[in-house]
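J.: Just need the structure, nothing else, for what follows:
(one chain, ligands or ions: 1)
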Amino acid sequence: MKVIFLGTGGGRWVTLTQRLRTGGFRIHGTANIHVDPGPGALLGLRDFGVPFSKTDALVVTHCHPDHYTDSEVLIEAMTNGATLTRGTLLASESVVRGWEDLGPAISRHHLSRVENLVVMAGGRQAQFHGTRMEGLPAHHRDPTTFGFRLQMDGSTISYTSDTSYKKGLAEGYKDSRVLILNVIRPGRDRIPFHLCTEDAVKIISEVEPELAVINHFGMKMVDVAGKEAARVRRETGVKTVAATDGMEIDIRKDINIGKRLTHGQTRLV
Ligand SMILES: [Zn+2]
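T.: Numbers count the residues shown, from 1 in each chain. Coordinates of the predicted model:
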């Protein structure tokens, strides 16, 4: 199984300035899954050499633009330009049906092209293309946001999505080989509904994955993400890296980290 980061930026200002890309990330294995296709997801696919048609499932964890904007074009990618009914969409209630003043983020036309539509939430489970996904709770301004735990090809990886830290949150991520956390701010610089590095330390110490990846950086994190990851590693003893645009994690018996070049070649870093 591989995880490819097309974009590692998050929040309004990094998205607007594109200091970091915001296309979300991919999980490739038995199924090829695109997670949280924010602005530039298609450019990321092109620039990092991932064929757009190689998409079996799309996961949209909530209805904020840095997570959903390229959803409809990704559905077109998955359905041969909307000419086939194909693939799986796992998305929050807000993305699919709308929630208060949020969404819906995907047109009825595009929803109709998807073969398997799952309104995902914390506590719900889904099986698709030989994989199993468990929705996990997230505490975010969009109350329908979910994180997940995915079992595919004999490995488990988890993703927090955007959430604040709450006691018990880490339970759902346990027994994951790789844990991806959206850490928008460094240190103890806490903003509502998001994680900062100090929160990440708490979660990672509880979960003890083989590899923790911090991701989804806001402006204050852009220049210090590598240092923050080193701090997490020091404080938890868990191997922790800061995701970079184009980073590729190869999960086999061992876990190796590489950098994807254009045209899809990878060099180890
Ligand atoms: Zn959000």
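
J.: Distance from the chain centre to stretch 208-222, please.
T.: Relative to its chain's centre, stretch 208-222 lies at 11 Å (CA atoms, centre = their mean, to the nearest Å).

J.: Check stretch 254-264 too.
T.: The answer for stretch 254-264 is 17 Å, by CA atoms, centre = their mean.

J.: contact partners of that stretch?
T.: 4, 47-50, 177-178, 210-211, 241, 244, 246-250, 266-269 (CB atoms under 8 Å, 6 or more residues apart in numbering). All C-beta atoms are positioned from the backbone trio N, CA, C, and that covers glycine.

J.: before we move on, what about stretch 215-231?
T.: Under CB under 8 Å, 6+ apart, the answer for stretch 215-231 is 5, 8-11, 13-14, 19-20, 25, 66, 162, 180-187, 189, 194, 197, 201, 214, 240-243.

J.: circling back: the contacts of stretch 254-264 in helices, which ones?
T.: Using DSSP state H, the subset of the contacts of stretch 254-264 located in helices is Asp47.

J.: Quick check on the contacts of stretch 254-264: which are buried?
T.: 4, 47-48, 50, 178, 211, 241, 244, 246-250, 266 (16 or more other CB atoms under 10 Å).

J.: hmm, back to that, let's see which of the contacts of stretch 215-231 end up in strands.
T.: Of the contacts of stretch 215-231, the ones assigned to strands by DSSP state E are Phe5, Phe25, Ile180, Leu181, Asn182, Val183, Ile184, Arg185, Ile214, Thr240, Val241, Ala242.

J.: Tell me where the model's unsure across the stretch 1-150 of the chain.
T.: Nowhere does the stretch 1-150 of the chain drop to pLDDT under 70.

J.: List the residues that contact whichever residue of it sits closest to the ion.
T.: Nearest residue of the stretch 1-150 of the chain to the ion (CB to the ion) works out as His64 at 3.6 Å. Counting by CB under 8 Å, 6+ apart, His64 touches Arg141, Asp142, Asp162.

J.: Please list which of those residues are also close to the ion.
T.: Asp162 (CB under 5 Å from the ion).

J.: Now do the helices in the stretch 101-250 of the chain.
T.: 108-113, 197-207, 225-236 (DSSP state H, counting those that start in this stretch).

J.: Mean neighbour count and distance to the ion added to the ones you listed, as a markdown table?
T.: Output for the helices of the stretch 101-250 of the chain, formatted as a markdown table (neighbours: other CB atoms under 10 Å; distance: least, CB to the ion, whole Å):
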| stretch | mean neighbour count | distance to the ion |
| --- | --- | --- |
| helix 108-113 | 15 | 21 |
| helix 197-207 | 21 | 15 |
| helix 225-236 | 18 | 18 |
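
J.: got those helices as TSV, with distance to Leu136 columns?
T.: Below are those laid out as TSV (distance: least, CB to CB, whole Å):
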stretch	distance to Leu136
helix 108-113	24
helix 197-207	12
helix 225-236	20
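
J.: Go through these and name the closest to Gly154.
T.: Of all the helices of the stretch 101-250 of the chain, helix 197-207 sits nearest to Gly154, with 18.8 Å by CB to CB.

J.: for Ile255, phi and psi?
T.: phi -110, psi 120 (degrees, to the nearest 10).

J.: Please apply the same query to Val96.
T.: phi -80, psi -50.

J.: Repeat that for the one 3 residues further on.
T.: Torsion angles at Trp99 (phi, psi; degrees, to the nearest 10) stand at phi -140, psi 110.

J.: Which positions in the stretch 1-150 of the chain make contact with the ion?
T.: His64.
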